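S.K.: Structure, please.
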Amino acid sequence: MSLKICSLASGSSGNCYMIKSEDTVLLVDAGLSGKQICERLYNIGIDAEDVDAILVTHEHSDHIRGLSPLLKLNRQIYTSAKTLDAINLDLNRELCNTFCPGDSFSVGSINIESFSTSHDAADPVGYCLSDGENCICIVTDTGYVCEGIIPYMAKADILVLESNHDENILKVGPYPWFLKQRILGNKGHLSNEAAATALAELIASENSSKKRLVLLAHLSKENNFPEMARATMENILREKGCKPNACRLCVLSRSEVSEIYG
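M.R.: So this is what the prediction gives:
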C-alpha cells in the first residue's frame, strides 16, 4: 500500500496524523506544539519542510495548538470556512484554503473528500484521503456515526475511528455532570460501544471481503483504556455476527508516536 498513516498523538491532550503518498505529505490536525510535531516527524524520517499542507477537522485546541508555528513554514492549511472563522489564532489568510463540508479537493497526489461530523464545534469535519489506489478515512470527534458518514468509512482500507470512552466508567467517574452530558451527547464523543456498533453495521452491509485495518483513536485518559476499547470492539463485532477476521484492530496511543501503517 503506497498511502501511509502515522499517528503522532491521538487523545484529548493533542491530535495529529501524518498521511503520506509517494510524493505528498499531509498533516490532519496539529494539536501538539510546533516543536513536538517537528520532532516527531523527524523521528519517523520526515522533515517538517516536506509537509505540503495541514487539514484541520475543527477549532478545539487539542487539534490546532501547533498550527501557528507550522504556518511560519508557509504550509497551506485547509479547513471549512466556518472553522477558520472560529480559530482564534493570528493566521496568514493567504495560506488558508476553505471549503464546505462535502467538498472534494486535491493536494499533490492525494485526493481528499470532506464530510460533516457531529461535534460541539463550529463546523467539524472528517476526511477521506486517497491516492487513487488506497484510501484512509478519519472519523473522530463525533457524538454519533450518522448515515452520511458510513459511505466514506466503507471506502477505507485504513479506518481511524474514535473510541473515546466507556459509558459506564464515564457515568460513575469524577467528571462534573455537565461534562458527562456533553461527552455522552450527540455532539460529544464516540463511545467504545457506539464505535463498535457502527463498525459492525458497516461490515454487515458489505458484500466484499475487504479486510480493513481499524485504528481505534482519541481514547480518553480518565474514561477508557486500550484493553477495554479493543475488548469492547471485539465482543460487539462477535455478538453482531462478524467473522473474527473481518478487520484488523489496533489501538492508537494517546501520547506516543504509532508505527507507520500502510
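
S.K.: where along the stretch 151-262 of the chain do the helices fall?
M.R.: Using DSSP state H, counting those that start in this stretch, the helices of the stretch 151-262 of the chain run over residues 167-172, 177-184, 192-205, 226-239.

S.K.: so for the first one, what's the average pLDDT?
M.R.: When you say that, I think you mean helix 167-172. For helix 167-172, mean pLDDT is 97.

S.K.: coming back round to it: which one of the helices of the stretch 151-262 of the chain lies nearest to Thr117?
M.R.: Within the helices of the stretch 151-262 of the chain, the stretch nearest Thr117 is helix 192-205; the backing value is 12.3 Å (Cβ to Cβ). All C-beta spots, glycine's among them, are computed from the backbone N, C-alpha and C.

S.K.: For the protein, which segments count as strands?
M.R.: Secondary structure of the chain by DSSP state E: the strands cover 4-11, 14-20, 25-28, 53-55, 76-80, 96-99, 104-107, 110-116, 125-130, 135-139, 158-162, 212-217, 247-251.

S.K.: Okay, buried residues for the fifth one please.
M.R.: Which is strand 76-80. Neighbour-count burial for strand 76-80, counted by 16 or more other Cβ atoms under 10 Å, picks out 76-80.

S.K.: roughly how far out does that strand sit from the chain middle?
M.R.: In terms of Cα atoms, centre = their mean, to the nearest Å, the centre of strand 76-80 is found 15 Å from the chain centre.

S.K.: what lines up beside it in the sheet?
M.R.: Each strand that pairs with strand 76-80, with its direction, by DSSP bridges: strand 53-55 (parallel), strand 96-99 (parallel).

S.K.: Could you list the residues in contact with it?
M.R.: Contacting residues not belonging to strand 76-80 are listed as 52-56, 67, 71, 87, 91, 95-101, 105, 107, 112, 114, 122-123, 125 [Cβ atoms under 8 Å, 6 or more residues apart in numbering].
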